[in-house]
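Here's a sequence, model it:
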Amino acid sequence: MSVTGPADILYETRLDPRFPLSRRELSGLAATLLDALGLTGRTFLLKLVDDREIARLNREFLGCTGPTNILSFPARDGDGTDALADGEVGDPEDDGEFLGELALSVDALARETDLYGQLPLEHLARLLAHGLLHLAGFDHGEVMFDMTDAAVDLALLEHAEAPL
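Reported below is the predicted structural model:
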């Protein structure tokens, strides 16, 4: 895995052919969202998974049944240690630059894009912004929702030419 921007991106499933999610496009979107959210200079790991894998992660780490759209695994838990036991998340010597790991279900992205009538880029930006805010320590609420909306608006302006 090579770092080409603020996000290391791992494809762990086949992608829906309607969504040509190139590493370059995702890296550019990640940089835009991090800047919009006041997280410039921070990095994260993005795993693109299917519903089966995200349901497994949801059950294993949150005790919830079934798939969801995105899961956030902060690099540090409340006591400053790595959040995941498998060692993939966070280097204790990284001075806080690494936010953590996001797992995004590409199946949910496709399904919800159709369900909500959103452009794929818009829904992808919304899911990523939401996940990044969780990595940064935000909980659901008006502030988080307003920050998400503002980041999505900026992403749509800056990436309108993207094929998503």
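
what packs against the helix or strand where residue 132 lies?
Per DSSP states H and E, residue 132 falls inside helix 120-135. Counting contacts by 3 or more Cβ pairs under 8 Å, 6 or more residues apart in numbering; DSSP states H and E, helix 120-135 is packed against helix 23-36, strand 43-49, strand 70-74, strand 98-105, helix 106-116, helix 142-158. Heads up, the C-betas are built off the backbone N, CA and C, glycines and all.

Can you redo those as JSON lines, where the extra columns are mean neighbour count and mean pLDDT?
Below are the helices and strands packed on helix 120-135 laid out as JSON lines (neighbours: other Cβ atoms under 10 Å; pLDDT from 0 to 100):
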{"stretch": "helix 23-36", "mean neighbour count": "20", "mean pLDDT": "92"}
{"stretch": "strand 43-49", "mean neighbour count": "22", "mean pLDDT": "96"}
{"stretch": "strand 70-74", "mean neighbour count": "21", "mean pLDDT": "97"}
{"stretch": "strand 98-105", "mean neighbour count": "25", "mean pLDDT": "96"}
{"stretch": "helix 106-116", "mean neighbour count": "17", "mean pLDDT": "93"}
{"stretch": "helix 142-158", "mean neighbour count": "16", "mean pLDDT": "95"}
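
so which of these comes closest to residue 12?
Judged by Cβ to Cβ, the one of the helices and strands packed on helix 120-135 that comes nearest to residue 12 is strand 43-49, at 4.9 Å.

okay, that closest one in CSV with CA atoms only?
Output in CSV follows, covering the C-alpha atoms of strand 43-49 (Å, rounded to 0.1, in the frame of the first residue of the first chain):
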residue,chain,number,x,y,z
THR,A,43,-4.3,11.0,7.5
PHE,A,44,-6.6,8.0,7.6
LEU,A,45,-7.0,4.5,6.2
LEU,A,46,-10.0,3.9,4.0
LYS,A,47,-11.1,0.3,3.4
LEU,A,48,-13.7,-0.3,0.7
VAL,A,49,-15.6,-3.4,1.6
